[in-house]
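>>> 3D, please:
(one chain, ligands or ions: 1)
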Amino acid sequence: MRLNRSFHHTLLRLCGWYLPFVVAGIVLGQVWMAIAIASIAVVAWHYLRLHRLLDAAIHDRWFPAPEGWGIWSELESQLHRRQRESRRRRARLVELLQEIREAASALPDAVLILARRDRRILWFNESGSRLLGLRYPGDLGKSLTHLVRAPRVREWIDSEPRDDSLGEVRSPVDENLRLSFRLVEYSADQALLVVRDVTRLSRLEQVRRDFVANVSHELRTPLTVVHGYLDLLDAEAHPEWEPMFAEMRRQSARMTQLVEDLLTLSRLESQDAPVTERVAMAPMLASLRREAMALSQGRHQVEAHDRADLDLLGSAKDLHSAFSNLVSNAVRYTPEGGRIEITLEAAADGGATLAVRDTGRGIPAQHIPRIVERFYRVSTSRSRETGGTGLGLSIVKHVLGLHRARLEVESEVGRGSVFRAHFDADHVLAREGDDAGLQDIA
Ligand code: ADP
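Okay, the predicted model is just below:
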C-alpha cells in the first residue's frame, strides 16, 4: 500500500517535472532536446540521493531523516527506522553488559572464564585479582596453571575424571586465605572457574577438629586410670560382682578404642599428604592374616593371597590401620564358619587392589553409600556387640583419600561383602629382593 503510494507520488512528480520541458520544447521546436535536458536532471537528482544514502551507510552516519513522499523518502524512512532500532538495541546490550560486569565485579567469589583446551584465561573479575593475584589486563591470555602454581590445583584441573571441587587451597596472595575451586565446563571450548574464599569455614572446621582432638586427648588419661583400677579389682573376693566387672572392663575398653579412633581421625584430617615410604605388602598381608585369626579365635577360615608382585607407596602405619579395620569388620560381621579372604592383586591400569572378601551378613544396598560416615551403622546393636566404634570405615576413607586411592564396596545381604581399596599406578612400586614372588600366605 505504502509502496504503491510512493511509486504513484514519484510518477506524478516525474510527470510534473517533464510537463514544462515538453511545453517549452514545443514552443521552441526542440522537444527532444528539452526531454533530454529534463532526463539528465532526473538522473543527476537520483544519483545525488543515492550518494547521500551510500555516504551515510559507509561512514556509519545517521541515514537522512525522511522528507517528502517519493520512493527515496520511503527508502530513507525505512533505513532510518531500522538504524534507530538497531542503535537502541546496541545501547541496551552495552548497558546490559555493563550491568553484568558490575555484578561480576561485585561478586565476592573470583570468576574466571578459561579456554578448555589449554586453560588460558579469557576473562576474570576483580575478585580474581584479590584472591589469586591476577593482573588486568596483563594476565589475560596466560595459562592458569602458570599463574596459580599450587601443585594440587594443577593436578586437580588436569585430572580425569575430576572431583567436583577442590577445597582448602592456600591463596597465592595471602598465606592466611583458604580457597575452594570449582570448575564448570559449560561449552565445547570454554569453562568457568569459580574460586571462593572459605577461610572462615575452614577456621570453623579447624576449631571443630581441635575440639574433638582435645576432648579425646583429655579423656585418654582418666580412661587409662579407670581401666587400670578395673583390672586391679579382685573379682575372686566378690564372685557375684564378676559379670559387672567384666561389663565395666568391656565398656572401658570400648571407650578407650573410641578415643583412639577419634585421635587417629583427627590426625588424618590435619594431614595434607601421607608419608611416602615403601610399604612392603608381603609382611603386611601376613600380619593382616594373623590379626584376623587372632580376632576370629578359630571361628572362621582366613586366607591371604598375594597375587601381585607389588608394594605400595605411602604411610605403612596408616595403611595398616585402614586394612586392619577392613579385616576386623570382615571377621566381626561374618558368622562362625564363614570365610575371610584378603587378596592383593595388580590392576589393569598399573595400580593395585587390596580386597577383603567375607561370606558374612552383607550390607543392604541403600546403606552402602553411607557406611563410611562417622558413627553410621547398619545395625547399632550388632556393631556394639562386636566392639565396633562406628569410626572404622571413616578411618579407611581418610587413609585412602590421603593415598589418592578409592574404596569400592560390593555386598549382597546374606552372602557377604567385598571391600576393595584401589591404588593408582603412582602409589605402586615393583617389589625388590626376597619379597618378590606370588604366593598364598597359608
Ligand atoms: P563399626 O565400628 O560399627 O563396625 P565401621 O565404620 O567399621 O563401624 O562400619 C560401619 C558399618 O558398616 C558397620 O556398623 C556395619 O553395619 C557395616 N559394615 C562394615 N563392614 C561390614 C562387613 N564386612 N559386613 C557387613 N557389614 C559391614
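
>>> Every contact and neighbour count from this point should use C-alpha atoms.
OK.

>>> Show me where the stretch 301-442 of the chain has its strands.
301-307, 310-314, 339-346, 352-358, 406-412, 416-423, 428-430, 439-441 (DSSP state E, counting those that start in this stretch).

>>> could those go into TSV alongside mean neighbour count and distance to the ligand?
Formatted as TSV, the strands of the stretch 301-442 of the chain follow (neighbours: other CA atoms under 10 Å; distance: least, CA to the nearest ligand atom, whole Å):
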stretch	mean neighbour count	distance to the ligand
strand 301-307	20	14
strand 310-314	23	22
strand 339-346	22	9
strand 352-358	25	6
strand 406-412	17	8
strand 416-423	22	6
strand 428-430	16	25
strand 439-441	14	21
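
>>> want to throw the ones you listed into CSV with mean pLDDT?
Compiled in CSV, the strands of the stretch 301-442 of the chain are given as follows (pLDDT from 0 to 100):
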stretch, mean pLDDT
strand 301-307, 95
strand 310-314, 95
strand 339-346, 96
strand 352-358, 97
strand 406-412, 96
strand 416-423, 97
strand 428-430, 94
strand 439-441, 65
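
>>> In the stretch 1-150 of the chain, which residue sits nearest the ligand?
Here the residue of the stretch 1-150 of the chain nearest the ligand is residue 150; by CA to the nearest ligand atom that distance is 33.1 Å.

>>> try the stretch 101-250 of the chain
Nearest residue of the stretch 101-250 of the chain to the ligand, counting by CA to the nearest ligand atom: residue 250, 14.7 Å away.

>>> The host helix or strand of that residue packs against which elements?
Residue 250 is part of helix 242-269, with elements assigned from DSSP states H and E. The contact analysis (3 or more CA pairs under 8 Å, 6 or more residues apart in numbering; DSSP states H and E) places helix 242-269 against helix 199-232, helix 392-402.

>>> tally of neighbours for the residue of the stretch 1-150 of the chain closest to the ligand?
When neighbours are defined as other CA atoms under 10 Å, residue 150 has 14 of them.

>>> where's it relative to residue 158, distance?
Distance of residue 150 to residue 158, given as CA to CA, to the nearest Å: 13 Å.

>>> same deal with residue 241?
Taking CA to CA, one finds residue 241 at 64 Å from residue 158.

>>> Could you do residue 127 as well?
Residue 127 is 23 Å from residue 158, by CA to CA.

>>> out of the two, which sits in the more crowded spot?
residue 127 (22 against 12).

>>> List the contacts of that one.
Residue 127 makes contact with 105, 107, 108, 109, 110, 111, according to CA atoms under 8 Å, 6 or more residues apart in numbering.

>>> buried residues in the helix or strand that contains residue 79?
Element membership of residue 79, judged by DSSP H and E, is helix 71-106. The neighbour-count check on helix 71-106 (16 or more other CA atoms under 10 Å) flags 71, 72, 73, 74, 75, 76, 77, 79, 80, 83, 104, 105 as buried.

>>> would you turn these into a markdown table with pLDDT?
Below are these laid out as a markdown table (pLDDT from 0 to 100):
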| residue | pLDDT |
| --- | --- |
| 71 | 86 |
| 72 | 87 |
| 73 | 85 |
| 74 | 86 |
| 75 | 88 |
| 76 | 87 |
| 77 | 87 |
| 79 | 90 |
| 80 | 89 |
| 83 | 91 |
| 104 | 87 |
| 105 | 84 |
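
>>> Redo these as a markdown table? Include distance to residue 272.
Shown next, in a markdown table, are these (distance: CA to CA, whole Å):
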| residue | distance to residue 272 |
| --- | --- |
| 71 | 79 |
| 72 | 77 |
| 73 | 77 |
| 74 | 75 |
| 75 | 73 |
| 76 | 72 |
| 77 | 71 |
| 79 | 67 |
| 80 | 67 |
| 83 | 62 |
| 104 | 33 |
| 105 | 33 |
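
>>> burial of the residue in the stretch 201-350 of the chain positioned nearest to the ligand, as a residue count?
Closest contact between the stretch 201-350 of the chain and the ligand, by CA to the nearest ligand atom, is at residue 330 (3.9 Å). As a burial measure, residue 330 scores 29 neighbours (other CA under 10 Å).

>>> for it, what are its contacts?
340, 356, 357, 358, 360.

>>> now, the most widely separated pair of the residues you listed?
Among the contacts of residue 330, the pair separated by the greatest distance (CA to CA) is 356 and 360, at 11.6 Å.

>>> Give me the contact list for stretch 254-269.
For stretch 254-269, the external contacting residues (CA under 8 Å, 6+ apart) are 209-210, 212-213, 216-217, 219-220, 223-224, 387-389, 391-392, 394-395, 398-399.

>>> ok, and the helix or strand in this protein with the lowest average confidence?
Ranking every helix and strand in the chain by mean pLDDT, DSSP states H and E puts strand 439-441 at the bottom, with a mean of 65.

>>> Distance of residue 183 relative to residue 103?
When residue 183 is compared with residue 103 (using CA to CA), they lie 20 Å apart.

>>> Residue 146 and residue 132, how far apart?
12 Å.

>>> the more surrounded of those two?
Neighbour totals were compared for residue 146 and residue 132, and residue 132 leads with 19 against 11 (other CA under 10 Å).

>>> Am I right that that one is in contact with residue 170?
No. Using CA atoms under 8 Å, residue 132 is not in contact with residue 170; the gap is 9.8 Å.

>>> any shared contact partners between those two?
With CA under 8 Å, 6+ apart, residue 132 and residue 170 have no common neighbours.

>>> if I pick residue 101, what's in contact with it?
Residue 101 neighbours (CA under 8 Å, 6+ apart): residue 125.

>>> mind running it again at 10 Å?
Applying CA atoms under 10 Å, 6 or more residues apart in numbering, we find residue 101 in contact with 95, 107, 124, 125, 126.

>>> coming back round to it: ok, and which of the contacts of stretch 254-269 reach the ligand?
388, 389, 391, 392, 394 (CA under 6 Å from any ligand atom).

>>> What's the mean pLDDT across the helix or strand hosting residue 32?
Following DSSP H and E, one finds residue 32 within helix 31-58. Per-residue pLDDT over helix 31-58 has a mean of 92.

>>> Look up how far residue 369 lies from the spatially most central residue of the chain.
Per CA atoms, centre = their mean, the C-alpha nearest to the average position across the chain is that of residue 164, at 1.6 Å. Relative to residue 369, residue 164 is positioned 17 Å away (CA to CA).

>>> swap in residue 248?
From residue 248 to residue 369 the distance is 34 Å (CA to CA).

>>> neighbour-wise, which of those two wins?
Between residue 248 and residue 369, counted using other CA under 10 Å, the more crowded position is residue 248 (16 against 9).

>>> Please list the residues of the protein that sit near the ligand.
329-330, 333, 360-363, 371-372, 376-379, 383, 388-394, 417.
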